[in-house]
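Engineer: Next one to model:
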Amino acid sequence: MRDAPAHKVQLEVCIEDLAGLTAAREGGADRVELCSALQIGGLTPSHGFMKEAARMRIAAAALIRPRPGNFVFGDREQAIMLDDIAFARDLGLEGVVIGASREDGSLDMAALKEMCTAAGPLRICLHRVFDLVPDPFVAIDQAADLGISRILTSGQHPAIEKGIPLLHRLVQHAGDRLDIMPGGGVNPTNISAILGCGVRQIHSSCSWDYETPAASLTAFGFSGARVRRPVPADAVRAFRSLLGRITAQEGKGKAPQHISAESVQAETGGMA
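Structural biologist: Below is the predicted model of the structure:
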């Protein structure tokens, strides 16, 4: 496993509206994931929202997911996704976030290859379809073969804290072929432990006031209702600052910083 990072860890913030987009930019996010309907795990954003992100000149990756539920897509759904990818590519966005699986949960390599080809020069993230594959190490190899640059994962567990042991192994297996990007419940109270896995990118909503349903796909947030509150720029800024402090300490060989509940609440407006 690679040593804890001494350099800046990238922060990607998932957002679903103009207020979130503005807050992420003002708060110093390195990249945004453009979505709609985050209460059901996220769907493809509108073309108008993609255009607005392009105009704001912030690195933006568009989620490509035409409906809630599983990730087994038919030919017509695949055609819709390819059209949305082409739109994001023509806008000049930073990337797209994709995923597709077979009935057994393994990656649908034929569908993913089509999507990667359609993306052209865009950077590609494999979304949390990865958290449902039967063998995550095989899936990493497959993603690397496709030229995918990062994988979003909670360590194949609804609660990312319980996925940390697997995250260590995933980072080691991926090496320098692609980035393992933790997401799905990343917040100031667990970030030190997550960074200890040696990751170079972090995915967070910076809005941690929601309830996650428990069971099957719903347990991972792919289906079901979640109540969220808006992303404030101060929370993004505080989380960005927290990442910098922790990585600076680890770069000097110090133990990861302990984050108290009180300090989290003070820095992020109580959203922990």
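
Engineer: Can you pull out the low-pLDDT segments for the stretch 101-250 of the chain?
Structural biologist: Scanning the stretch 101-250 of the chain with the threshold set as pLDDT under 70 gives 208-219, 221-230, 250.

Engineer: rerun at 80
Structural biologist: Across the stretch 101-250 of the chain, the ranges flagged by pLDDT under 80 are 207-232, 249-250.

Engineer: can you give me the strands for it?
Structural biologist: For the stretch 101-250 of the chain, applying DSSP state E, counting those that start in this stretch gives strands covering 123-126, 150-153, 179-182, 201-204.

Engineer: Looking at those strands, which one is packed in the most?
Structural biologist: Mean neighbour count, computed with mean count of other Cβ atoms under 10 Å, is highest for strand 150-153 among these, reaching a mean of 26. Yep, even glycine has a C-beta here, placed from its N, CA and C like the rest.

Engineer: Need the three-state assignment for Phe49.
Structural biologist: helix (DSSP: H, G, I helix; E, B strand; the rest coil).

Engineer: related to what we said a few turns ago, turn the strands of the stretch 101-250 of the chain into TSV, columns for distance to Asp104.
Structural biologist: Shown next, in TSV, are the strands of the stretch 101-250 of the chain (distance: least, Cβ to Cβ, whole Å):
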stretch	distance to Asp104
strand 123-126	17
strand 150-153	19
strand 179-182	23
strand 201-204	26
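
Engineer: closest one to Asp135 among these?
Structural biologist: strand 150-153 (13.4 Å; Cβ to Cβ).

Engineer: unless I'm mixing things up, Lys8 is touching Gly244, no?
Structural biologist: Yes: between Lys8 and Gly244 a contact is recorded at 6.7 Å, counting by Cβ atoms under 8 Å.

Engineer: Pull up the overlap in contacts between these two.
Structural biologist: With contacts defined as Cβ atoms under 8 Å, 6 or more residues apart in numbering, no residue is shared by Lys8 and Gly244.

Engineer: hmm, back to that, among the strands of the stretch 101-250 of the chain, which comes closest to Phe71?
Structural biologist: That would be strand 123-126 among the strands of the stretch 101-250 of the chain, by Cβ to Cβ, at 10.7 Å.

Engineer: And the longest helix along the chain, what does it pack against?
Structural biologist: Ranked by residue count and defined by DSSP state H, the top helix of the chain is helix 233-251. With contacts taken as 3 or more Cβ pairs under 8 Å, 6 or more residues apart in numbering; DSSP states H and E, helix 233-251 sits against strand 10-15, helix 18-27, helix 191-195, helix 261-268.

Engineer: tell me the contacts of the residue nearest to Ser205 when sequence neighbours are not counted?
Structural biologist: Spatial nearest neighbour of Ser205, excluding adjacent residues (Cβ to Cβ, 6 or more residues apart in numbering): Cys14 at 5.3 Å. By Cβ under 8 Å, 6+ apart, Cys14 lies in contact with Val32, Glu33, Cys35, Leu38, Gly42, Leu63, Gly183, His203, Ser204, Ser205.

Engineer: Give me the distance between Cys14 and Phe87.
Structural biologist: Going from Cys14 to Phe87 by Cβ to Cβ, to the nearest Å gives 19 Å.
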